[in-house]
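**Q** Mind folding the following:
(chains A and B)
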Amino acid sequence: MIHYNKFTLANGLRVVVHEDHTTPMAVLNVLYDVGARDENPEQTGFAHLFEHLMFGGSINIPEYDEPLQMAGGENNAYTTSDLTNYYIQLPAENIETAFWLESDRMLSLAFSEKSLDVQRKVVSEEFKEHYINKPYGDVWHKMRELAYTSHPYRWMTIGKELSHIENAQLEDVKAFFFKFYRPVNAILSVAGNVTTEQVKTLAEKWFGDIPSGEKYHRSLPVEPPQTAAHKLEVKANVPLDALYKCYHMHARSDKRYYAADLVSDILGGGSSSRLHQVLVKEKKLFSNIDCYHFGSLDAGLLTIEGKLVKGVKMKDAEKAIQIELEKLQAEVIADRELQKVKNRVESLLAFEDMSLLNRANNLAFYELLGDAGLMNKEFENYEVVTAEDIHREAKLLFDEKNANTIYYYAENQG
Amino acid sequence: MNRTIPPPIKDAVEFDIKLKPYEKFTLDNGIPVYVIKSEEQDTLQLELVFPAGSWYESESLEALATNFLMKNGTSKRTALEINEAIDYHGAYLNRNAYHENATFTLHCLTKHTEVLLPVLQDVILDPVFPEEELQLYKQNQKQKLAVNLQKCDFVANRFIDKYLFGEFHPYGRVSSMMAYDALQTETLRAFYQKHYTYNNCRIFVAGNMPANMLALLNQHFGSTRWNGETNLLRPELPVQPAEEKKFRIFNDENGVQGAIRIARPFPNRYHPDFPKMLVLNTILGGYFGSRLMSNIREEKGYTYGIYSQLYNFRQVSALNIQTEAGRDVCEATIEEVYNELRRLQNEPVPQEELDLVRNYMIGSILGDLDGAFQLIQRWKNLILNDLDESYFYNNIQTIKNITAEELQQLAKQYLTPGDFYELVVI
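**A** Prediction:
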């Protein structure tokens, strides 16, 4: 049970506080309700590029990192398709430094041409490092385009293509900032050796006078239900054939999300999971196989991916996966297996909550979902899932019409 | 309110960092148990450590494969039954083999400790190394290696260690298809018998323990002289560094980036220069505001990230600078690295930068000591290296008191560009 208090400033900034007096540290976390899904299709990768620019100095503070490091702090940030999150961890005595830094960059960035110029290059190198210069690095780029016809999940957070990043202009940066990076579109969470009174005072002092901004009302294209299987063959310079199958699942806020999440754990969670046990250990068709999803806020993809053992034919490997999926569709799972995946969730949540940083991140995330208090109800959402729910969900998910498959072939293999 | 003025801060030197002591118990057969208790959460971490790392192997991959396959079948349980028992209770049983030690780490909810310990006992005391599991391990590891060998960073890491220590030394020896092919269950069994014995075992526990934890540990690991007593000799193995200093390797003709490694040997953690080098390394490339990061990422945009690190190996350490940079800016990146090394040799670190690094390092140690799992980690590193808390406090004093002159002296001694190995893998 994570205790918290929350309040909202007059400008609309939501604040969540979690007091933990057993630690000497504090975390300040700012979540902005904007991600890659909110981008213009002609300017993809912008939300993430923008995250880099947030470290290029703000209106009153030329250097973001230096004063923080001077205060014994560390920081980082991440951008997903759904949101952008910034966090600072530092000795609790120096928490005001975090308020000072984060509030100034919410007030206004410095918008430096030099910073934009350098970060365009840095992000280009990031793009190359993770998506071009790695075997199978382009697969998500291809899979998103295969699986989505309308919803902006069809491009990756890093961007659809390098040119979108290279062409970003300072005017676009300014417009993006004043549209999304406003108190009314942000959530501040503070955790650690702090008091709620202290956070109230500091939040008022540093964030209170920032103009509220206009509430961003999201209206994204809805992905129509998929009516026929999508398939793509790729040949590339990789050492092994690989198979990727993605199935559309429900949005994060849908109750059925939890059943689908458990389905992914039945198939791919831990070494005793079905796909690993049957396809890697018994049938020896794959050298590794995983099943996972990204927990997307809008309807996401449940993914099965594996590398084929050399000499195994793609259609035999796919058939073997199919048999496992059909089993889940045909038979209701045993109580013990259901209990296993619920136990795994219980444990995962307990280990996640150990870290102060995770608690701060999660409180902001659940507040974005609608209420920080949902964090404490999360396990209940899994506990109520029945074997019948899983059965029903598996039937829907693994309908062949809902499948997106990439056959990724090694080019130089006989 | 004037937003250009930073709020007052408490300086690093004012933080009184205390390493919370552990409790030590001894099982009936003499196995030492080091414990950091914490009742704030319902989670437990239990780690068993053996001197069974690559230092002790006679053939490449022996230590790693032994450690990995111990979990894949005992005389009473199949690999699947072991995995089922662990997964059913939402637990994690990780195994790792490093240069010196090999470990088994159980993470679980406190309430499941009692039912999981018999499984762990089985894995540690009674593995049988089934032939079929070894064959599968070889096949799948070779496939994984084939994929990794296409990555320039993976390849660069292998080569730089080979240059620093020699390919026959445990620190420079790398995996290969041939080494996987050569593995045999008999040699793994023999390695297991010799190294995973009661008198070579040390146990580290952190978190929320069941009230009868010690009785449980005694029951499962403390009541017999399992696997007998062996006296392990730790042979001194001389390093054989490469003669050549500069290397360029083409791994992928279409590569768009090069993996750069610039490295030199450095004395181990027992040398008086080691704690000082930790500070100099931080300034050079050990944090986001470092010289390398500021210049090569934030000023030039040549890379997504560049870091330097000091190896924590027992016999001999190394200072290693690493980055992946755009193919056409690799040579320019190397030149800038050398410029930064020379700058540290030629100019004293400005007082403000030194203060900042002190504060940053102390702040990050404070964060690292937060929680029982982190604390036991810190203690484990000391204990396994035959050190005590005075080493920890001495490092803190070095961070707080080292001067710009000392750092410049250190740079003059250790940061001469010509002393470094230089490698680019495209």
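**Q** per-residue confidence for the residue nearest the centre of chain A?
**A** In chain A, the centroid-proximal residue (C-alpha atoms, centre = their mean) is A:Thr80; its distance is 4.8 Å. Per-residue pLDDT puts A:Thr80 at 97.
**Q** count of neighbours near A:Asn5?
**A** Counted with other C-beta atoms under 10 Å in any protein chain shown, the neighbours of A:Asn5 add up to 15. C-beta coordinates here come from the backbone N, C-alpha and C atoms, glycine included.
**Q** Could you tell me how far whichever residue of chain A sits closest to chain B is located from A:Val263?
**A** For chain A, the residue closest to chain B is A:Gly72, as judged by C-beta to the nearest C-beta, at 2.2 Å. Here A:Gly72 is placed at a distance of 44 Å from A:Val263 (C-beta to C-beta, to the nearest Å).
**Q** all strands of the stretch 201-350 of chain B, in order?
**A** Ranges of strands within the stretch 201-350 of chain B are B:202-207, B:246-249, B:257-266, B:303-310, B:317-326, based on DSSP state E, counting those that start in this stretch.
**Q** And the residue nearest to the centre of chain A, how far from B:Ile296?
**A** From A:Thr80 to B:Ile296 the distance is 27 Å (C-beta to C-beta).
**Q** now do A:His52
**A** As for A:His52, its distance to B:Ile296 is 15 Å (criterion: C-beta to C-beta).
**Q** neighbour count winner among those two?
**A** Between A:His52 and B:Ile296, counted using other C-beta under 10 Å, the more crowded position is B:Ile296 (27 against 20).
**Q** which residues sit in contact with that one?
**A** Taking C-beta atoms under 8 Å, 6 or more residues apart in numbering or on different chains, we find B:Ile296 in contact with B:Tyr302, B:Thr303, B:Ile306, B:Thr323, B:Ala325, B:Thr333, B:Glu336, B:Val337.
**Q** Before we move on, what's the pLDDT of it?
**A** Reported pLDDT at B:Ile296 in the predicted model: 96.
**Q** what's the distance between it and chain A?
**A** As for B:Ile296, its distance to chain A is 10 Å (criterion: C-beta to the nearest C-beta, to the nearest Å).
**Q** again, but for B:Glu347
**A** According to C-beta to the nearest C-beta, B:Glu347 stands 19 Å off from chain A.
**Q** who touches that residue in this structure?
**A** Contacts for B:Glu347 (C-beta under 8 Å, 6+ apart) come out as B:Gln408.
**Q** Can you list the strands that the strand or helix carrying B:Leu48 pairs with?
**A** Per DSSP states H and E, B:Leu48 falls inside strand B:43-50. Paired with strand B:43-50 in the same sheet, following DSSP bridges, are strand B:102-109 (antiparallel), strand B:202-207 (antiparallel).
**Q** count of residues packed around the closest residue to chain A within chain B?
**A** Chain B approaches chain A most closely through B:Gly363 (2.2 Å), counting by C-beta to the nearest C-beta. Residues lying near B:Gly363 (other C-beta under 10 Å) number 25.
**Q** List the residues that contact it.
**A** Contacts of B:Gly363 (C-beta under 8 Å, 6+ apart): A:Gln69, A:Ala71, A:Gly72, A:Gly73, A:Glu74, A:Leu90, A:Pro91, A:Asn94, B:Ala12, B:Phe15.
**Q** Next up, phi/psi of the second one, please.
**A** Geometry field for A:Ala71 lists phi and psi as phi -90, psi 10, criterion degrees, to the nearest 10.
**Q** okay, it: pLDDT?
**A** pLDDT recorded at A:Ala71 is 95.
**Q** Pull the contacting residues for it.
**A** Going by C-beta under 8 Å, 6+ apart, A:Ala71 touches A:Leu90, A:Pro91, A:Asn94, A:Thr97, A:Ala98, B:Ile9, B:Asn359, B:Gly363.
**Q** Apply 10 Å and report the result again.
**A** By C-beta atoms under 10 Å, 6 or more residues apart in numbering or on different chains, the contact list for A:Ala71 reads A:88, A:90-91, A:93-98, A:100-101, B:6-12, B:356, B:359-360, B:363.
**Q** ok, back up a step: next secondary structure after the strand holding B:Leu48?
**A** helix B:62-69.
**Q** helices or strands up against that following helix?
**A** The helices and strands touching helix B:62-69, judged by 3 or more C-beta pairs under 10 Å, 6 or more residues apart in numbering or on different chains; DSSP states H and E, are strand B:43-50, strand B:92-97, strand B:102-109, helix B:131-148, helix B:177-182, helix B:185-195.
**Q** one more time with 6 Å, if that's ok
**A** Helices and strands touching helix B:62-69, by 3 or more C-beta pairs under 6 Å, 6 or more residues apart in numbering or on different chains; DSSP states H and E, are strand B:92-97, helix B:185-195.
**Q** Residues touching that helix, excluding its own?
**A** Here helix B:62-69 makes contact (C-beta atoms under 6 Å, 6 or more residues apart in numbering or on different chains) with B:52-54, B:57, B:95, B:97, B:102, B:129, B:133, B:183, B:188, B:191-192.
**Q** Quick one: neighbours of residue 167, just the number.
**A** Just going to use chain A. Neighbour count of A:Asn167, defined by other C-beta under 10 Å: 12.
**Q** wait, I meant chain B there
**A** Taking other C-beta under 10 Å as the neighbour definition, B:Glu167 ends up with a count of 15.
**Q** repeat for B:Glu131
**A** Residues near B:Glu131, counting by other C-beta under 10 Å, number 10.
**Q** pLDDT value on it, please?
**A** 97.
**Q** what's the spacing between it and B:Glu186?
**A** On the measure of C-beta to C-beta, B:Glu131 and B:Glu186 end up 10 Å apart.
**Q** Could you confirm A:Lys310 falls within a helix?
**A** No - counting by DSSP: H, G, I helix; E, B strand; the rest coil, one finds A:Lys310 to be coil, located in no helix.
**Q** how about the residues of the stretch 251-400 of chain A that lie near chain B?
**A** Counting by C-beta under 6 Å from any C-beta of the partner chain, the stretch 251-400 of chain A comes close to chain B at A:Gly270, A:Ser271, A:Ser272, A:Ser287, A:Lys340, A:Asn343, A:Arg344, A:Glu346, A:Ser347, A:Ala350, A:Met354.
**Q** In contact with the last one, which residues?
**A** Looking back up the chat, that one is A:Met354. By C-beta under 6 Å, 6+ apart, A:Met354 lies in contact with B:Gln41.
**Q** Do you know the pLDDT at it?
**A** A:Met354 is given a pLDDT of 93.
**Q** now do the fifth one
**A** A:Lys340 is assigned 98 on the pLDDT scale.
**Q** and it, what does it touch?
**A** A:Lys340 makes contacts with B:Asp87, B:Tyr88, as judged by C-beta under 6 Å, 6+ apart.
**Q** between the helix or strand hosting it and strand B:43-50, how big is the angle?
**A** Assigned by DSSP H and E, A:Lys340 belongs to helix A:335-352. Taking axes from the mean of the first three to the mean of the last three C-alpha atoms, to 10 degrees, helix A:335-352 and strand B:43-50 form an angle of 90 degrees between their directions.
**Q** Pull out the C-alpha coordinates of helix A:335-352 and format them as PDB.
**A** Taking C-alpha atoms only, helix A:335-352 is exported to PDB below (Å, rounded to 0.1, in the frame of the first residue of the first chain):
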ATOM      1  CA  ASP A 335      -6.400 -23.100 -11.600                       C
ATOM      2  CA  ARG A 336      -2.800 -23.700 -10.700                       C
ATOM      3  CA  GLU A 337      -1.500 -22.000 -13.900                       C
ATOM      4  CA  LEU A 338      -3.900 -19.000 -13.300                       C
ATOM      5  CA  GLN A 339      -2.600 -18.800  -9.700                       C
ATOM      6  CA  LYS A 340       1.000 -18.900 -11.000                       C
ATOM      7  CA  VAL A 341       0.600 -15.900 -13.200                       C
ATOM      8  CA  LYS A 342      -1.300 -14.000 -10.500                       C
ATOM      9  CA  ASN A 343       1.500 -14.800  -8.000                       C
ATOM     10  CA  ARG A 344       4.000 -13.500 -10.500                       C
ATOM     11  CA  VAL A 345       2.100 -10.200 -10.800                       C
ATOM     12  CA  GLU A 346       1.900  -9.900  -7.000                       C
ATOM     13  CA  SER A 347       5.600 -10.400  -6.700                       C
ATOM     14  CA  LEU A 348       6.500  -8.100  -9.700                       C
ATOM     15  CA  LEU A 349       4.500  -5.200  -8.100                       C
ATOM     16  CA  ALA A 350       6.100  -5.700  -4.700                       C
ATOM     17  CA  PHE A 351       9.600  -5.600  -6.200                       C
ATOM     18  CA  GLU A 352       8.700  -2.600  -8.300                       C
END
